[in-house]
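Engineer: Here is the input, now give the coordinates:
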Amino acid sequence: MSNNYPKYDQYAKYDKGKKLSLYERIGVFFQNTKRIIKIANKPNRKEYFLVFKICAIGILVLGVLSYVIQLIFTLVNSVLGIGSL
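Structural biologist: Predicted structure coming up:
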């Protein structure tokens, strides 16, 4: 494990050196899933709208960027006469 999380080893209930069977891997997966669900929480209204605003700004920026790139290529093609056949 990483030195950043020295206490993470206490959650591992299996030996890292041995290869796990399919049944053991499924069990470890469900243990990890249970632990994550236990610490996860539902976002409140403020957090939800913050995420919504960030996503909206990202979509807007990508849309403007793609429009500008399309505009540049259209202008370059019309000046060079590449697109007109």
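Engineer: from here on, contacts and neighbour counts on C-alpha atoms
Structural biologist: Will do.
Engineer: now for the helix or strand where residue 59 lies, which elements pack on it?
Structural biologist: Taking DSSP states H and E as the definition, residue 59 sits inside helix 45-80. Contacting helix 45-80 under the criterion 3 or more C-alpha pairs under 8 Å, 6 or more residues apart in numbering; DSSP states H and E is no other helix or strand.
Engineer: now it: how far from the chain's centre is it?
Structural biologist: Distance, stretch centre to chain centre, for helix 45-80: 19 Å (C-alpha atoms, centre = their mean, to the nearest Å).
Engineer: Ok, stretch 32-44 next?
Structural biologist: Centre-to-centre, stretch 32-44 and its host chain are 17 Å apart (C-alpha atoms, centre = their mean).
Engineer: hang on, the earlier thing: looking only at pLDDT, what's the mean for the helix holding residue 59?
Structural biologist: Average pLDDT, helix 45-80: 95.
Engineer: what's the answer for stretch 19-37, then?
Structural biologist: Averaged across stretch 19-37, pLDDT comes to 89.
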